[in-house]
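Enquirer: just coords:
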(Lines give C-alpha, C1' and ligand atoms only; values in the text may rest on other atoms or scores of the structure.)
Protein backbone atom coordinates (compact mmCIF):
# COMPACT_ATOMS: atom_id res chain seq x y z
CA UNK A 1 0.00 0.00 0.00
CA UNK A 2 1.42 3.38 -0.95
CA UNK A 3 1.63 6.30 1.47
CA UNK A 4 -1.01 8.14 -0.58
CA UNK A 5 -3.45 5.23 -0.41
CA UNK A 6 -2.75 4.71 3.33
CA UNK A 7 -3.52 8.38 3.98
CA UNK A 8 -6.71 7.96 1.98
CA UNK A 9 -7.72 4.97 4.13
CA UNK A 10 -7.01 6.92 7.33
CA UNK A 11 -8.99 9.89 6.00
CA UNK A 12 -11.87 7.59 5.02
CA UNK A 13 -11.85 6.00 8.50
CA UNK A 14 -12.01 9.41 10.14
CA UNK A 15 -14.79 10.36 7.75
CA UNK A 16 -16.68 7.18 8.61
CA UNK A 17 -16.47 7.95 12.30
CA UNK A 18 -17.68 11.52 12.05
CA UNK A 19 -20.35 10.67 9.48
CA UNK A 20 -21.75 8.05 11.82
CA UNK A 21 -21.86 10.41 14.82
CA UNK A 22 -22.72 13.79 13.37
CA UNK A 23 -25.26 15.79 15.38
CA UNK A 24 -25.65 13.33 18.24
CA UNK A 25 -24.78 15.60 21.17
CA UNK A 26 -28.33 15.96 22.48
CA UNK A 27 -29.42 13.25 24.93
CA UNK A 28 -32.09 10.91 23.55
CA UNK A 29 -35.26 11.07 25.66
CA UNK A 30 -38.18 8.70 25.94
CA UNK A 31 -41.79 9.85 25.82
CA UNK A 32 -41.78 10.76 29.52
CA UNK A 33 -38.70 12.95 29.07
CA UNK A 34 -36.32 10.79 31.10
CA UNK A 35 -32.98 9.70 29.73
CA UNK A 36 -32.83 6.11 28.52
CA UNK A 37 -30.23 3.59 29.68
CA UNK A 38 -27.16 2.54 27.73
CA UNK A 39 -27.82 1.47 24.16
CA UNK A 40 -25.04 -0.52 22.52
CA UNK A 41 -24.65 -2.05 19.07
CA UNK A 42 -21.66 -3.78 17.53
CA UNK A 43 -21.08 -4.90 13.99
CA UNK A 44 -19.34 -4.19 10.72
CA UNK A 45 -19.24 -1.08 8.59
CA UNK A 46 -18.23 -0.14 5.07
CA UNK A 47 -17.89 3.43 3.81
CA UNK A 48 -17.34 4.19 0.12
CA UNK A 49 -16.73 7.69 -1.21
CA UNK A 50 -16.44 8.32 -4.94
CA UNK A 51 -15.37 11.79 -6.13
CA UNK A 52 -14.96 10.76 -9.75
CA UNK A 53 -14.90 7.42 -11.58
CA UNK A 54 -11.14 7.24 -11.15
CA UNK A 55 -11.03 8.44 -7.51
CA UNK A 56 -12.59 6.17 -4.91
CA UNK A 57 -11.86 5.74 -1.25
CA UNK A 58 -13.27 3.03 0.95
CA UNK A 59 -12.76 1.67 4.40
CA UNK A 60 -14.34 -1.20 6.25
CA UNK A 61 -14.05 -2.85 9.60
CA UNK A 62 -15.91 -3.24 12.87
CA UNK A 63 -17.71 -0.76 15.06
CA UNK A 64 -18.93 -0.42 18.63
CA UNK A 65 -21.67 2.18 19.15
CA UNK A 66 -22.32 3.04 22.82
CA UNK A 67 -24.98 5.60 23.66
CA UNK A 68 -25.22 6.45 27.36
CA UNK A 69 -27.58 9.48 27.11
CA UNK A 70 -25.03 12.29 27.66
CA UNK A 71 -22.01 10.50 26.18
CA UNK A 72 -21.99 8.82 22.83
CA UNK A 73 -18.91 6.90 21.67
CA UNK A 74 -18.15 5.17 18.42
CA UNK A 75 -15.08 2.98 18.00
CA UNK A 76 -14.00 1.85 14.55
CA UNK A 77 -11.46 -0.93 14.06
CA UNK A 78 -9.92 -2.35 10.91
CA UNK A 79 -10.46 -6.00 9.92
CA UNK A 80 -7.35 -6.93 11.95
CA UNK A 81 -8.69 -5.32 15.15
CA UNK A 82 -6.47 -2.20 15.19
CA UNK A 83 -8.18 1.07 16.09
CA UNK A 84 -8.93 3.30 13.12
CA UNK A 85 -10.73 6.03 15.03
CA UNK A 86 -12.87 6.79 18.05
CA UNK A 87 -15.38 9.59 18.32
CA UNK A 88 -16.76 10.88 21.59
CA UNK A 89 -19.73 13.22 21.65
CA UNK A 90 -21.05 14.93 24.74
CA UNK A 91 -22.90 18.16 25.43
CA UNK A 92 -20.97 20.99 23.79
CA UNK A 93 -18.03 18.84 22.64
CA UNK A 94 -17.21 16.42 19.85
CA UNK A 95 -13.81 14.75 19.62
CA UNK A 96 -12.24 12.54 16.98
CA UNK A 97 -9.25 10.43 18.04
CA UNK A 98 -7.45 8.74 15.16
CA UNK A 99 -5.56 5.46 15.46
CA UNK A 100 -2.26 7.38 15.38
CA UNK A 101 -3.34 9.45 18.40
CA UNK A 102 -4.01 12.71 16.55
CA UNK A 103 -7.18 14.51 17.56
CA UNK A 104 -9.73 16.97 16.23
CA UNK A 105 -12.22 18.83 18.39
CA UNK A 106 -15.34 20.88 17.79
CA UNK A 107 -18.23 22.12 19.88
CA UNK A 108 -20.77 20.34 17.72
CA UNK A 109 -20.51 17.11 15.68
CA UNK A 110 -21.66 18.90 12.51
CA UNK A 111 -18.69 21.25 12.92
CA UNK A 112 -16.39 18.25 13.38
CA UNK A 113 -17.70 16.75 10.13
CA UNK A 114 -17.03 20.00 8.28
CA UNK A 115 -13.55 20.23 9.84
CA UNK A 116 -12.52 16.67 8.94
CA UNK A 117 -14.23 16.41 5.55
CA UNK A 118 -13.90 20.08 4.55
CA UNK A 119 -17.61 20.23 3.75
CA UNK A 120 -20.79 19.99 5.80
CA UNK A 121 -22.48 16.59 5.84
CA UNK A 122 -25.41 16.52 8.28
CA UNK A 123 -26.29 13.02 9.48
CA UNK A 124 -28.40 14.22 12.37
CA UNK A 125 -30.69 11.21 12.49
CA UNK A 126 -28.31 8.25 12.83
CA UNK A 127 -28.76 8.06 16.57
CA UNK A 128 -32.45 7.42 15.93
CA UNK A 129 -32.05 5.42 12.72
CA UNK A 130 -30.10 2.72 14.59
CA UNK A 131 -33.25 2.25 16.65
CA UNK A 132 -35.49 2.11 13.57
CA UNK A 133 -37.00 5.53 14.22
CA UNK A 134 -37.48 8.40 11.81
CA UNK A 135 -38.38 12.05 12.34
CA UNK A 136 -41.57 12.11 10.26
CA UNK A 137 -41.62 15.92 10.22
CA UNK A 138 -38.21 16.05 8.51
CA UNK A 139 -38.24 12.80 6.54
CA UNK A 140 -39.85 12.20 3.16
CA UNK A 141 -40.78 9.11 1.18
CA UNK A 142 -41.23 7.03 4.35
CA UNK A 143 -42.05 3.40 3.57
CA UNK A 144 -43.10 0.82 6.15
CA UNK A 145 -43.09 -2.93 5.66
CA UNK A 146 -45.90 -5.38 6.41
CA UNK A 147 -44.94 -5.39 10.13
CA UNK A 148 -45.36 -1.56 10.25
CA UNK A 149 -41.66 -0.89 10.79
CA UNK A 150 -39.81 1.70 8.74
CA UNK A 151 -37.96 0.16 5.80
CA UNK A 152 -36.84 3.25 3.87
CA UNK A 153 -36.98 7.05 3.85
CA UNK A 154 -35.08 10.20 2.92
CA UNK A 155 -33.85 12.72 5.46
CA UNK A 156 -31.21 15.47 5.48
CA UNK A 157 -30.10 14.50 1.98
CA UNK A 158 -29.64 10.80 2.84
CA UNK A 159 -31.54 7.88 1.34
CA UNK A 160 -31.82 5.33 4.15
CA UNK A 161 -32.77 1.67 4.04
CA UNK A 162 -33.44 -0.23 7.29
CA UNK A 163 -33.99 -3.98 7.41
CA UNK A 164 -33.51 -7.22 9.36
CA UNK A 165 -34.98 -5.89 12.61
CA UNK A 166 -34.34 -7.42 16.02
CA UNK A 167 -35.77 -6.24 19.36
CA UNK A 168 -33.45 -3.17 19.42
CA UNK A 169 -33.83 -1.95 15.85
CA UNK A 170 -32.60 -2.71 12.34
CA UNK A 171 -29.53 -4.91 11.96
CA UNK A 172 -28.83 -3.68 8.42
CA UNK A 173 -28.64 0.03 7.59
CA UNK A 174 -27.76 1.28 4.12
CA UNK A 175 -27.25 5.02 3.68
CA UNK A 176 -26.40 6.92 0.52
CA UNK A 177 -26.19 10.52 -0.60
CA UNK A 178 -24.78 12.69 -3.31
CA UNK A 179 -22.83 15.68 -1.99
CA UNK A 180 -21.82 17.82 -4.95
CA UNK A 181 -19.61 15.57 -7.05
CA UNK A 182 -19.22 12.97 -4.29
CA UNK A 183 -21.26 9.82 -3.89
CA UNK A 184 -21.18 8.51 -0.32
CA UNK A 185 -22.41 5.04 0.67
CA UNK A 186 -22.40 3.66 4.21
CA UNK A 187 -23.41 0.12 5.15
CA UNK A 188 -23.82 -0.96 8.79
CA UNK A 189 -24.43 -4.61 9.61
CA UNK A 190 -25.22 -5.11 13.30
CA UNK A 191 -24.12 -8.34 14.98
CA UNK A 192 -26.85 -10.79 15.95
CA UNK A 193 -27.44 -11.11 19.69
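Expert: Now that the structure is in, tell me what you want to look at. What you see is a predicted model; the values in this text were computed from it and never measured. Numbers count the residues shown, from 1 in each chain.

Enquirer: and the nearest residue to residue 71 once chain neighbours are set aside, bridged to which residues?
Expert: Residue nearest to residue 71 in three dimensions, not counting chain neighbours: residue 90, with 5.0 Å by C-beta to C-beta, 6 or more residues apart in numbering. In short, each C-beta sits where N, CA and C put it, glycine included. Beta-bridge partners of residue 90, counted by DSSP bridges, are residue 93.

Enquirer: give me the neighbour count for residue 90.
Expert: For residue 90, the neighbour count with other C-beta atoms under 10 Å is 16.

Enquirer: would you mind confirming that it is in contact with residue 72?
Expert: Yes - when contacts are counted by C-beta atoms under 8 Å, residue 90 is listed as touching residue 72 (7.5 Å).

Enquirer: on that earlier part again, gap between the residue nearest to residue 71 and residue 77?
Expert: Distance from residue 90 to residue 77, counting by C-beta to C-beta, to the nearest Å: 22 Å.

Enquirer: same thing with residue 176?
Expert: When C-beta to C-beta is applied, the distance between residue 176 and residue 77 equals 23 Å.

Enquirer: for residue 69, same thing?
Expert: From residue 69 to residue 77 the distance is 24 Å (C-beta to C-beta).

Enquirer: also residue 94?
Expert: The value you get for residue 94 to residue 77, if C-beta to C-beta is used, is 20 Å.

Enquirer: pLDDT below threshold where in the chain?
Expert: 1-36, 113-114, 117-124 (pLDDT under 70).

Enquirer: where do the helices of it begin and end?
Expert: Assigned by DSSP state H, the chain shows helices spanning 3-21, 109-117, 126-129.

Enquirer: pull out the buried residues from the shortest one.
Expert: I take that to be helix 126-129. Using 16 or more other C-beta atoms under 10 Å as the test for burial, helix 126-129 gives 126, 127, 129.

Enquirer: with stretch 42-62 instead?
Expert: Buried, per 16+ other C-beta under 10 Å, within stretch 42-62: 43, 45, 47, 48, 49, 50, 57, 59, 60, 61, 62.
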